[in-house]
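Novice: quick one, what's the 3D model for this:
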Amino acid sequence: MSKYPQQKRMLIAIDCIVFGFDGENLKLLLIQRAIEPEKNKWSLMGGFVEPEESIDDAANNILKKLTGLEGVYLEQMQAFGEVKRDPGERIVSIAYFALIDIHQYEQQISHEYHAEWFHMDQIPSLIFDHNQMVDTARKKLRYKAALHPILFELLPEKFTIPQLQSLYEGIYDSVFDKRNFSRKILSTGLLIKQQEKDKLNSKKGAFYYKLDKGKYNENFHAFLNLIPNPDHLQLV
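Specialist: Sure thing, here's the model as predicted:
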């Protein structure tokens, strides 16, 4: 028997905004919705919270079921609860965003749900309020990336400073001065320089770096001020 007999039923859903980086561009992972309403239209990865699940467990389980991905960076963002956001039923959705290195998870992406990567400038019209969720997630990512080294979650084990700059420029839709960017990033002490160079993109080549995991974990919540005044960036 319900302990709250006067209350009507409401479903709780999870929607995951999955950002990926392929070494050059920031992308968003979408699937084609398998059920009505809006069947076969592009959607974020989503599902419902089961009675025995916590919302964090539900987010991880949904992400694994729909994409095959597990063990990735996943952070709760906010709830979306407009009364008529879903025409099927009264549903409140809790949105999460995930950060992955695309190449590391190429084999895990599920084809059953027609999962596909989209460049951030080519995102199609999504179902319900999913475009709003993506916009909100991108703003939150910009804010966090300005202060914390969170974007390293998107990088491969070895990367170059130009690759890292491309990632930051994709997040902020801006162009940064190369010398200033390099100096700021290296001043964090988070990177370990390697002897190898990436010579695919230039004759001179760019040195590879690795992340110092110990310092990264220690400084993950530190305010490093990587991008000053991110809301007022100017193209250079």
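Novice: which one is Pro156 nearest to, not counting chain neighbours?
Specialist: In this structure, Pro156 finds its nearest non-sequential neighbour in Asp101, 5.2 Å apart by Cβ to Cβ, 6 or more residues apart in numbering. (C-beta placed from N, C-alpha, C; glycine too.)
Novice: what's that neighbour in contact with, if anything?
Specialist: Gly20, Phe21, Glu153, Leu154, Leu155, Pro156 (Cβ atoms under 8 Å, 6 or more residues apart in numbering).
Novice: in strands only, show me these.
Specialist: With DSSP state E as the criterion, strands contain Gly20, Phe21 from among the contacts of Asp101.
Novice: sorry, back to before: tell me the pLDDT at the residue nearest to Pro156?
Specialist: If you check Asp101, the pLDDT there is 90.
Novice: which strand residues bridge it?
Specialist: Phe21 (DSSP bridges).
Novice: please put the alpha-carbon coordinates of the lengthiest helix in the chain into CSV.
Specialist: Identified as the longest helix of the chain according to DSSP state H is helix 130-147. Taking only C-alpha atoms (Å, rounded to 0.1, in the frame of the first residue of the first chain), the coordinates of helix 130-147 have been written out as CSV:
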residue,chain,number,x,y,z
HIS,A,130,17.3,17.6,-25.5
ASN,A,131,18.8,20.5,-27.4
GLN,A,132,18.3,22.6,-24.3
MET,A,133,20.1,19.9,-22.2
VAL,A,134,23.0,20.0,-24.7
ASP,A,135,23.3,23.8,-24.5
THR,A,136,23.2,23.7,-20.7
ALA,A,137,25.8,20.9,-20.5
ARG,A,138,28.1,22.8,-22.9
LYS,A,139,27.8,26.0,-20.7
LYS,A,140,28.6,24.0,-17.6
LEU,A,141,31.5,22.3,-19.2
ARG,A,142,32.9,25.7,-20.3
TYR,A,143,32.6,27.0,-16.7
LYS,A,144,34.3,24.0,-15.2
ALA,A,145,37.0,23.8,-17.8
ALA,A,146,38.0,27.4,-17.1
LEU,A,147,38.8,26.6,-13.5
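Novice: and Lys199, how many neighbours does it have?
Specialist: 10 (other Cβ atoms under 10 Å).
Novice: distance of it from Leu164?
Specialist: 18 Å (Cβ to Cβ, to the nearest Å).
Novice: and the closest residue to Ile150 other than its chain neighbours, what's its pLDDT?
Specialist: Spatially, and ignoring its direct neighbours in sequence, Ile150 is nearest to Lys144 (5.1 Å; Cβ to Cβ, 6+ apart). You'll see Lys144 listed with a pLDDT of 92.
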